[in-house]
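Undergrad: would you be able to build a 3D model of this:
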Amino acid sequence: MTKQLLLAFCLLLTTTLAVAEPPPRKTSAPPVITSSWDDLLQGIEDQADWHAHRKVLKQRYLNLLRDQHKPQKPTLDLKIHESVVVDGRYTRQLISYNVEVDERAHAYLGIPLKLTAKAPAVVALHGTYQYGKKRAAGLIDNPDKAYLDHLCRRGYIVIAPEHFVSGHRTPSEGSYETAQFYKKHPEWTAVGKFTYEHSIAIDVLQSLDQVDGDQIGALGHSLGGHGTIFLAAYDDRIKASACNCGASFFRHNEGVINWARDRWYIYFKHIRPGIIEGKLPPIDFHEIMALVAPRAFMDVSALNDGDGGTQRQRLLMLMRVMDVYELEQVPQNFGFYVHGRGHSVAHESRQLIYGWLDAHLKPPAATATTRVKQ
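TA: Numbers count the residues shown, from 1 in each chain. So this is what the prediction gives:
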């Protein structure tokens, strides 16, 4: 009886598996992938149309920053406060310079030793950390984020500016508190402020005899990551840039109010009323990224960095940005890498970012391969 039951079960299982077989798959053309991000090039027929539309987007971007409320740019008055030679490879200087008539920024500046020609330079932006420039220099906390040290050893001149509410300028209320900033500049934005200051960091680099002023890049992680997007879209002197785990966006983001919160670090104070009413700004991050084109830009992100649903939208968004680079006929100047390491700057991400900068800021010979000699 047991054998008969077993045979019956096997027969039933075989029949079930046969029924469960999927239908045969057939060849087909790839379906068109559509998404809400398609509005980037809606109505755009050619490169001339895009260039005209780009001017509209650039003005929307400046309006988002409230760039018209920035102060007049002061003279730099660059000062060196300390200078140290690191491992016989580069000189690291603590510097300061004017960013407003009554306000000075501090930064670490790294200059490789034994330069034989003008060198490419990078603006390295730190994340939300009170002593960010020290971390970027490799002096504290996570060495994965020691961009100045890493890049100086690769032959770059690097400036790692300190975010305006951290380090030497930490407000009395605590790091990354923007209340005093908005009291001083009620019509401006925190993003406008740090983007403007990072643009002044480019002025510092271009003032140095050792720097090749046409070969300047930018990179950053987290706050420094979206700071890199904002800077590259703002200042055309950035030739190549890379954002690591920076920014979500406005649409498809359940946490969009964080871009306009009413406490601590307030990115865009003026858009809060609209967001509360469910209205988003007239420009989003795919359009801001597209402003970087045709200059080189790479986006590195993690699907498991925060809200996975939002981050998956990032892939659709980046495909539309690629459309702009293809329209500009420089698809080689855009790239993105998506991983599962969360909010990190892991080894492979760093190597990819540094290689990206090498490919776009150094002479072709620096990245060329050669055959093995027989």
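
Undergrad: got the phi/psi numbers for residue 300?
TA: Main-chain torsions, residue 300, degrees, to the nearest 10: phi -120, psi 130.

Undergrad: what's the answer for residue 81, then?
TA: Phi and psi for residue 81, reported as degrees, to the nearest 10, are phi -100, psi -30.

Undergrad: same check on residue 146?
TA: phi -90, psi 60.

Undergrad: excluding its backbone neighbours, what's nearest the residue nearest to the spatial centre of the chain?
TA: By CA atoms, centre = their mean, the chain has its centre lying nearest to residue 243, at 2.4 Å. Once flanking residues are discounted, residue 243 sits nearest to residue 225: 4.3 Å by CB to CB, 6 or more residues apart in numbering. For every residue, glycine as well, the C-beta is placed using N, CA and C.

Undergrad: what's the neighbour count on that neighbour?
TA: Using other CB atoms under 10 Å, residue 225 has 24 neighbouring residues.

Undergrad: likewise the one 10 residues further on?
TA: For residue 235, the tally of surrounding residues (other CB under 10 Å) stands at 19.

Undergrad: ok, it - contacts?
TA: 198-199, 202 (CB atoms under 8 Å, 6 or more residues apart in numbering).

Undergrad: and those, which is closest to residue 28?
TA: Of all these, residue 198 has the smallest distance to residue 28: 47.6 Å, by CB to CB.

Undergrad: would you list the phi and psi of that closest one?
TA: phi -70, psi -30.

Undergrad: burial count for it?
TA: Per other CB under 10 Å, the neighbour tally for residue 198 reads 28.

Undergrad: surely it touches residue 229?
TA: No: with contact defined as CB atoms under 8 Å, residue 198 and residue 229 do not form a contacting pair (11.2 Å).

Undergrad: sec struct for the residue nearest to the centre of the chain, please.
TA: strand (DSSP: H, G, I helix; E, B strand; the rest coil).

Undergrad: for the stretch 251-374 of the chain, what spans make up the strands?
TA: 296-302, 334-339 (DSSP state E, counting those that start in this stretch).

Undergrad: closest one to residue 313 among these?
TA: Across the strands of the stretch 251-374 of the chain, closest to residue 313 is strand 296-302 (CB to CB), at 11.0 Å.

Undergrad: for that closest one, packing partners?
TA: Under the contact definition 3 or more CB pairs under 8 Å, 6 or more residues apart in numbering; DSSP states H and E, strand 296-302 sits against strand 238-244, helix 308-327, strand 334-339, helix 347-361.

Undergrad: among those, which is the most enclosed?
TA: For those, the largest average neighbour count (mean count of other CB atoms under 10 Å) is found in strand 238-244, namely a mean of 27.

Undergrad: give me the contact list for it.
TA: 123, 202, 214-222, 224-226, 228-229, 231-232, 292, 295-301, 345, 349, 353, 356-357, 360-361.

Undergrad: just the buried ones from these?
TA: Among those, those scoring as buried are 123, 202, 215-222, 224-226, 228-229, 231-232, 292, 295-301, 345, 349, 353, 356-357, 360-361 (criterion: 16 or more other CB atoms under 10 Å).

Undergrad: who are the packing partners of the one helix or strand the residue nearest to residue 243 maps to?
TA: Using DSSP states H and E, residue 225 sits in helix 223-234. Applying 3+ CB pairs under 8 Å, 6+ apart, we find helix 223-234 packed against helix 47-65, strand 119-125, helix 190-206, strand 211-221, strand 238-244, helix 285-290.
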